[in-house]
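> Just the structure for this:
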Amino acid sequence: MNVQKWVQKHNQHITYLTGALIVLGFFSKGLFQWELGYTATFIAATLVGFLPVLIHAWQALSVKVISIELLVSIAVIGALFIGEYNESAIVVFLFLFGSYLEQKTLQKTRNSIKTLTEMAPTKAWVYQENGQVQETDSDEVNEGDELLVKTGAQVPVDGVITSGHGYLNEASVTGESRVVDKSVGATVFAGTLLDNGTLRIKATRVGEDTTFGKIIELIEEAQDTKSHAEKFIDHFARYYTPAVLLLGIIVWGITQDIRLAITILVLGCPGALVIGAPVSNVAGIGNGAKRGVLIKGGEIMNTFSKVDTLVFDKTGTLTKGQTELVEMNAMPGQQRGLAYTAAIEKESDHPLGRAILAYAEAHAIDYSHLKVTQTKVVKGKGIRAVVENQTVLVGNRNLLTEAGVQLNREQERKLAEMEEKGISTVLVAVDQQLALMLGIADTPRDGVKAALAALKTMGIKRMVMLTGDNVRTAQAISQQLGIDEVHAELLPEDKVGYVEKLKKAGHTVAFIGDGVNDSPSLASAHIGIAMGSGTDVAVETSDIVLMKSRFTELVHAYGLTKKTVKNMKENIIIAIATVAFLLIGLIFGYIYMASGMFVHEVSILVVIMNGMRLLRYHTKHAE
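Below is the predicted model of the structure:
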């Protein structure tokens, strides 16, 4: 084992030994008046403790970085040169002990994230061709493999239950420790825990492609993504530390006072300034991760804290997206219309389409034999297809109008009546004739109204709902939730255009969507926020992901980002105030090398502890 690895492994013991030698030195002089022992033990303490500091300084210098360790190394060598052995020993010990405490306290800020990453499944039981199961590493499972999951085991992949029934704890994915009842056909996620039952599942996503794998990847990337404040401080420190070294040399050259010069090197260490912003960032991201909010980096924190305008998609965002077909008006002679509609919608991921399929299956509508061809999705309007050689349109009023399908007076009256109830309407036309008017209900998510009211008290000035739904339905939902501004019957590109319009007007805009047709708007806004139950594209396009798809998470995220940015600023102020205090102390002669290093290390611990307060943050509004 080389010296560098040995020192790294035994760094804690070296710190303790350095401290013990200093105590022994004070005893030598205080109790026994033994000057030689006093000097010898302090020199020994300096040399023992100096080794890890010197190694770190050399490592940084080898990549052309003038580090804090280099400043301390020069100061310690200078103190030894002028015979200030007690100062050199105490400076080394305080620096080592401070670094040790920093690592211990910083580890606590990382524990919330580390705990999550350690929840990743490692083993899987895979069915073989002979029907037997064999244990294997979860990384070796392939898509399409069938797996056995027993009570108490982790689900190793994302998949679909093919047989069995069980209760799953999905805390690792949603952040909420709640048991969910699942059976055949239900989706399961890697990292979730089977509390009770036995399942056979078919793998649909494996390894890093699983939902849990993506969560881990997002969190790890977020920790490495720096805010403007961090980037500025890194850039500043790159020049500040060499400037302190140069200042020390100039002071020594002018005054010939080496004690003053090396004291400047110690006092000029920018430790608290360098560590203040990152510790706030890591603690804030860790807090969010524990509560089901994935924030993709420090700059996202900074930008979201400044947001004054929230723009919401309606279906699946403000509403549950658990739609139900509650009204069906079939035109005379159009009995096959629902079967045609179900055949077209079976490939759709839209909540309205799922409601139609659920209704068809519940009423034993047979559509499996129907052949669908020439399917074309008309963005923001619906679907055009050919079924059994008949042209079928499924969508909103605009789709039918563009195709030249006319509604008579009675049909117009009935459509208006449905829309005024606040239900979404889907019109179906077969060969240019209106066949069906479907009414699909979608209720607002629980707690949305209270969450929106809380966001207003926290600083949101403007809330806007954008939807492709009709005006009457949109207004009915907005009135329930207390949203003043509504824009309906919009195409996806219209939503993007409106977001751009708000940005040009000087607003800082966040767009919140579930991902169905939302990705362009999520990417266009200053901050894109995706519901975790939305599509993969939305989760990857967005800046913040609400894993439980609850609006209380949105309130928590907004409050957390504001608190994190405030915490960063507090840490920067503490760091600058410390440097100012030390310089004033140096000018008036009451700060020396050892006392300066003590204040320096205390300031680092103060900013770390201040940052750690974010781990306990929980806004009273996010209940």
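> C-alpha from now on. contacts and neighbour counts both.
OK.
> pLDDT below threshold where in the stretch 1-150 of the chain?
For the stretch 1-150 of the chain, residues meeting the criterion pLDDT under 70 lie at 1, 7, 30, 32, 98, 101-102, 104-120.
> Please give me every residue in contact with Phe551.
Residues counted as contacts of Phe551 (CA atoms under 8 Å, 6 or more residues apart in numbering) are Gly447, Val448, Ala451.
> Would you mind checking these for buried ones?
Val448, Ala451 (16 or more other CA atoms under 10 Å).
> Near Leu36, how many residues? Count them for me, please.
Residues near Leu36, counting by other CA atoms under 10 Å, number 11.
> ah, wrong one, I meant Ala505
The number of residues near Ala505, taken as other CA under 10 Å, comes to 9.
> ok, it to Ala523 distance?
18 Å (CA to CA, to the nearest Å).
> elements contacting whichever strand or helix holds Ser595?
Element membership for Ser595, per DSSP states H and E: helix 593-612. With contacts taken as 3 or more CA pairs under 8 Å, 6 or more residues apart in numbering; DSSP states H and E, helix 593-612 sits against helix 85-117, helix 258-267, helix 271-290, helix 551-588.
> So which bits of that helix are buried?
Residues of helix 593-612 classed as buried: 593-612 (neighbour count, 16+ other CA under 10 Å).
> Return the distance of stretch 153-168 from the chain's centre.
Relative to the centre of its chain, stretch 153-168 is centred 26 Å away, using CA atoms, centre = their mean, to the nearest Å.
> got a list of contacts for that stretch?
Contacts for stretch 153-168 (CA under 8 Å, 6+ apart): 121-124, 138, 149, 179-207, 210-211.
> Tell me, how many residues neighbour the residue nearest to Ser305 when sequence neighbours are not counted?
Leaving out its chain neighbours, the residue that sits closest to Ser305 by CA to CA, 6 or more residues apart in numbering is Lys562, at 4.7 Å. Using other CA under 10 Å, Lys562 is surrounded by 19 other residues.
> Please name the residues that touch Lys562.
Met301, Asn302, Phe304, Ser305, Lys306.
> since we're on Ala40, how many residues are nearby?
15.
> Leu21 versus that one, what's the distance?
To Leu21, Ala40 is 9 Å away according to CA to CA.
> Report the backbone C-alpha coordinates of the helix holding Ser595 in PDB.
Provided in PDB are the C-alpha atoms of helix 593-612 (Å, rounded to 0.1, in the frame of the first residue of the first chain):
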ATOM      1  CA  MET A 593      -2.400  31.800  13.100                       C
ATOM      2  CA  ALA A 594      -4.000  29.300  15.500                       C
ATOM      3  CA  SER A 595      -7.000  31.500  16.500                       C
ATOM      4  CA  GLY A 596      -7.500  32.400  12.800                       C
ATOM      5  CA  MET A 597      -7.600  28.700  11.800                       C
ATOM      6  CA  PHE A 598     -10.000  28.000  14.700                       C
ATOM      7  CA  VAL A 599     -12.400  30.800  13.400                       C
ATOM      8  CA  HIS A 600     -12.000  29.500   9.900                       C
ATOM      9  CA  GLU A 601     -12.900  25.900  10.800                       C
ATOM     10  CA  VAL A 602     -15.800  27.100  13.000                       C
ATOM     11  CA  SER A 603     -17.200  29.100  10.000                       C
ATOM     12  CA  ILE A 604     -17.100  26.000   7.800                       C
ATOM     13  CA  LEU A 605     -19.000  24.000  10.400                       C
ATOM     14  CA  VAL A 606     -21.500  26.900  10.800                       C
ATOM     15  CA  VAL A 607     -22.400  27.000   7.100                       C
ATOM     16  CA  ILE A 608     -22.600  23.200   6.900                       C
ATOM     17  CA  MET A 609     -25.000  23.100   9.900                       C
ATOM     18  CA  ASN A 610     -27.000  25.900   8.400                       C
ATOM     19  CA  GLY A 611     -27.300  24.000   5.200                       C
ATOM     20  CA  MET A 612     -28.300  20.800   7.000                       C
END
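> what inclination does it have with respect to helix 271-290?
Angle between the axes of helix 593-612 and helix 271-290 is 20 degrees (criterion: axes from the mean of the first three to the mean of the last three CA atoms, to 10 degrees).
> and helix 593-612, how far out from the chain's middle?
29 Å.
> Then stretch 272-282?
That offset, for stretch 272-282, works out to 18 Å (CA atoms, centre = their mean).
> Name the residues of it that are buried.
Ala272, Leu273, Val274, Ile275, Gly276, Ala277, Pro278, Val279, Ser280, Asn281, Val282.
> what's the following helix or strand after the helix or strand of the chain with the lowest mean pLDDT?
Within the chain, confidence by mean pLDDT, DSSP states H and E is lowest for helix 536-541 among all helices and strands, at a mean of 59. As assigned by DSSP H and E, the chain's next helix or strand after helix 536-541 is strand 544-546.
> and that next one, which strands flank it?
Each strand that pairs with strand 544-546, with its direction, by DSSP bridges: strand 293-295 (antiparallel), strand 527-531 (parallel).
> Dump those to TSV, plus mean pLDDT.
Output for these, formatted as TSV (pLDDT from 0 to 100):
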stretch	mean pLDDT
strand 293-295	85
strand 527-531	87
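> re the thing from before, JSON lines for the contacts of Lys562, including distance to Leu438 and pLDDT?
Formatted as JSON lines, the contacts of Lys562 follow (distance: CA to CA, whole Å; pLDDT from 0 to 100):
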{"residue": "Met301", "distance to Leu438": "43", "pLDDT": "86"}
{"residue": "Asn302", "distance to Leu438": "45", "pLDDT": "87"}
{"residue": "Phe304", "distance to Leu438": "39", "pLDDT": "93"}
{"residue": "Ser305", "distance to Leu438": "42", "pLDDT": "92"}
{"residue": "Lys306", "distance to Leu438": "42", "pLDDT": "92"}
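> Return the closest of those with respect to Met465.
Phe304 (18.7 Å; CA to CA).
> Output the helix or strand containing the closest one as CSV - backbone C-alpha positions only.
Assigning secondary structure by DSSP H and E places Phe304 in helix 298-305. Taking C-alpha atoms only, helix 298-305 is exported to CSV below (Å, rounded to 0.1, in the frame of the first residue of the first chain):
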residue,chain,number,x,y,z
GLY,A,298,-29.0,23.8,-8.2
GLU,A,299,-29.8,26.1,-11.1
ILE,A,300,-33.3,24.7,-11.2
MET,A,301,-33.6,25.5,-7.5
ASN,A,302,-32.6,29.1,-8.2
THR,A,303,-35.0,29.6,-11.2
PHE,A,304,-38.0,28.0,-9.6
SER,A,305,-37.7,30.1,-6.5
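> Please pull up the helix or strand immediately following that helix.
strand 309-313.
> quick one: contacts of that next one?
Under CA under 8 Å, 6+ apart, the answer for strand 309-313 is 318, 460-467, 499, 507-514, 518.
> taking the residues you listed one by one, which sit in helices?
Members of the contacts of strand 309-313 lying in helices (criterion: DSSP state H): Val499.
> Out of the helices and strands packed on helix 593-612, which is closest to Lys314?
Going by CA to CA, the one of the helices and strands packed on helix 593-612 nearest Lys314 is helix 551-588, 13.2 Å.
> got the buried residues for the closest one?
In helix 551-588, counting by 16+ other CA under 10 Å, buried: 551-565, 567-572, 574-575, 578-579, 581-583, 586.
> how far away is Gly152 from Ser280?
Gly152 is 36 Å from Ser280, by CA to CA.
> Next: Asp442.
40 Å.
> before we move on, what about Gln128?
For Gln128, the distance to Ser280 - CA to CA - is 49 Å.
> just Gly268 next, same as before
From Gly268 to Ser280 the distance is 23 Å (CA to CA).
> Thr255 too?
41 Å.
> Now do the helices in the stretch 401-550 of the chain.
In the stretch 401-550 of the chain, the helices defined using DSSP state H, counting those that start in this stretch lie at 409-420, 448-457, 471-481, 492-504, 519-524, 536-541.
> Alright, I will stop here.
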